[in-house]
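Undergrad: Structure of the sequence below:
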Amino acid sequence: QWRCFWAEPILPQVRNLWCRASHQSLSCKANLHAILPHLHPSDVCSLCNHNSPDTLFDFFYPCPIKWDI
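TA: As a prediction, this is how the structure comes out:
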């Protein structure tokens with residue numbers, strides 16, 4: 001499956017994004033809080049300030065401010 005993914009004619013930036021998303025390694029606030037809690041004391045989205053953690057799902061879907069970026 002990965003051979004098909006890497007063989008597709010996709011822009012490198014898009015391929016990097018999808019590869020990092022599939023491995024849960026995007027720099028969303030929840031991941032940063034788990035790795036560096038002293039630098040990121042909260043896992044809440046700093047853009048929209050919803051009460052839910054800024055997870056990978058929030059990175060792509062419900063945050064309306066990130067859609068405009």
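Undergrad: Tell me where the model's unsure across this protein.
TA: Of all residues in the chain, those with pLDDT under 70 make up the ranges 49-50, 59-69.
Undergrad: Now do the helices in it.
TA: 2-7, 12-22, 29-35, 56-60, 64-68 (DSSP state H).
Undergrad: List the buried residues in the third one.
TA: Within helix 29-35, the residues scored as buried using 16 or more other CB atoms under 10 Å are K29, A30, N31, H33. For the C-beta atoms, the positions are set from N, CA and C on the backbone; glycine is no exception.
Undergrad: Quick one: closest of the helices of the chain to C48.
TA: Proximity to C48 (CB to CB) singles out helix 64-68 among those, at 5.1 Å.
Undergrad: circling back to that earlier point, and which of the buried residues of helix 29-35 is nearest to R20?
TA: N31 (10.3 Å).
Undergrad: so can I have JSON lines of the helices of the chain showing distance to C45?
TA: Converted to JSON lines, the helices of the chain look like this (distance: least, CB to CB, whole Å):
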{"stretch": "helix 2-7", "distance to C45": "29"}
{"stretch": "helix 12-22", "distance to C45": "17"}
{"stretch": "helix 29-35", "distance to C45": "6"}
{"stretch": "helix 56-60", "distance to C45": "6"}
{"stretch": "helix 64-68", "distance to C45": "8"}
